[in-house]
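1. Test case, fold it:
(chains A and B)
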Amino acid sequence: MADSPLFQALHMEMAHALCAEQEKGLAALEGVGFRVGQGLSERLTKEMPSFKDELDVLKFLCKDLWLTVFKKQVDNLRTNHQGTYMLQDNQFLLLSQLSNGKQYLEEAPKFLAFTCGLVKGALCNLGFDSTVTAEVAVMPCSKFQVVIQKS
Amino acid sequence: MSRPTNRRQDNHKIDWHLPSISSSASAHHMSRELFVLTYGALVAQLCKDYEKDEDVNKYLDRMGYDIGIRLVEDFLARSAVRKCRSYSETVDVIAQVAFKMYLGVTPSVSCSNTTENEFFLMLDKNPLVDFVEELPAGRCSLCYCNLLCGVIRGALEMVHLAAEVTFVQDRLKGDDVTEIGIIFLKKLEDKKHKRKK
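-> You can find the predicted model right below:
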């Protein structure tokens, strides 16, 4: 899905436009991603049985959601079994157009905010509050850190 | 009268209006869904950030323009259309090739009786509003799909055609149909084949 030229064009334009004028551009981008994450996870899980536990939900994100949206599964999922997860995508689709290596590294946050929101929104729809942050050391490898908030 | 052959009815119809991500859903349909969902979320976010409908409309148009000036390259590369020799040919290409390629629909084209260089694209089906039944409360002047106008305008500008593109009718606003109006602003001269760079 995210490989469609229309989506890519929209995502790139959102990253530029929302961050250019608004102070809270990254938050706005995350907000857009959040709504999409809610809707998408609703649709994807419609006919699925409910999840066993938190880890099951994260696995769904890494496999089904990631595959549907980014055309591949997350490469690596790590957890401390205390609510913190790290999702690593070595060829993150939305960054692969930008560069390989260290070029445009400072631009990376703009291109990760939507996806952070997407993950957060998906988790919210499935009953979990979370904070999601992302980091990039070398493009296009991205690491998304998810911290599930204990209620 | 011969009996019909014993064929099992297919009871598992896929309701395309409620897409479920199953392996039998078409790839085209799915690839557009993320775009449609994202577009809706973007409009919702802009409505949150901008009080006036005109501001949201302008923002969408400008974003569309920026997208259009780049998307046209993707379009020309993938469609291999020949250079159009008239406005009418250009609009046909937009309706039958571009809309089909990106949104999976083919608006019908008509031209104005009174104004030369004015054309209309009537969108019978509009995937952008697949999940939208009505405009958000208090947003009656919102041109929900205004991004499309900007995209068309930007794309046309990259092929050296200046045009005004607006929604002249909008089902979401209570009109019978949804229609985009394209007014070409300059007369298309019969230039010798001139390629820049």
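
2. Which other helices and strands does the longest helix along chain B contact?
-> Counting residues, the longest helix found in chain B (DSSP state H) is helix B:53-79. For helix B:53-79, the elements it packs on are helix A:5-21, helix B:27-49, helix B:99-103, helix B:146-158, judged by 3 or more CB pairs under 8 Å, 6 or more residues apart in numbering or on different chains; DSSP states H and E. Every C-beta, even on glycine, is put in place using the N, C-alpha and C of the backbone.

3. Highest mean neighbour count out of the ones you listed?
-> helix B:146-158 (a mean of 23; mean count of other CB atoms under 10 Å in any protein chain shown).

4. what about residue 90, neighbour count?
-> Using chain A here. Residues near A:Asn90, counting by other CB atoms under 10 Å in any protein chain shown, number 13.

5. my bad, chain B
-> 21.

6. A:Glu54: what's it in contact with?
-> A:83, A:128, A:148 (CB atoms under 8 Å, 6 or more residues apart in numbering or on different chains).

7. Dihedrals phi and psi, it?
-> phi -60, psi -40 (degrees, to the nearest 10).

8. separation between it and A:Val146?
-> 10 Å (CB to CB, to the nearest Å).

9. Please apply the same query to B:Leu46.
-> 27 Å.

10. worst average pLDDT in the helices and strands packed on helix B:53-79?
-> Across those, helix B:27-49 has the smallest mean pLDDT, namely a mean of 85.

11. Could you verify my assumption that A:Cys141 touches A:Ser96?
-> No - using CB atoms under 8 Å, A:Cys141 makes no contact with A:Ser96, being 9.9 Å away.

12. what's the helix or strand for the residue nearest the centre of chain A?
-> By CA atoms, centre = their mean, the mean C-alpha position of chain A lies nearest to A:Thr115, the distance being 2.9 Å. Using DSSP states H and E, A:Thr115 sits within helix A:108-125.

13. Contact distance from chain B - what residues of chain A qualify?
-> Residues of chain A found near chain B (CB under 8 Å from any CB of the partner chain) are A:1-7, A:9-11, A:13-14, A:16-18, A:22, A:28, A:31-36, A:39-40, A:43-44, A:46-47, A:68-69, A:114.

14. hmm, 7 Å instead?
-> A:1-2, A:4-7, A:9-10, A:13-14, A:17, A:22, A:28, A:31-32, A:35-36, A:39-40, A:43-44, A:46-47, A:68-69 (CB under 7 Å from any CB of the partner chain).

15. Give the closest residue to A:Leu29 in space, chain neighbours not counted.
-> A:Ala113 (3.8 Å; CB to CB, 6 or more residues apart in numbering or on different chains).

16. Distance of the one you found relative to A:Glu30?
-> In terms of CB to CB, A:Ala113 sits 5 Å off from A:Glu30.

17. do A:Met1 as well
-> From A:Met1 to A:Glu30 the distance is 19 Å (CB to CB).

18. Give me the more crowded residue out of those two.
-> A:Glu30 (24 against 21).

19. where in chain A is pLDDT low?
-> Within chain A, the ranges that satisfy pLDDT under 70 run A:21-23, A:99-101, A:151.

20. can you give me the helices in it?
-> Going by DSSP H, chain A shows helices at A:5-21, A:25-44, A:54-60, A:66-70, A:93-96, A:108-125.

21. related to what we said a few turns ago, of all the helices and strands packed on helix B:53-79, which one comes closest to B:Val129?
-> Evaluated with CB to CB, these place helix B:27-49 nearest to B:Val129, the distance being 8.6 Å.

22. List the contacts of that closest one.
-> A:1-2, A:4, A:6-7, A:10, A:14, A:22, A:28, A:31-32, A:35-36, A:39-40, A:69, B:19, B:21, B:56, B:59, B:103-104, B:127-128, B:130-132, B:136, B:139, B:144, B:147 (CB atoms under 7 Å, 6 or more residues apart in numbering or on different chains).
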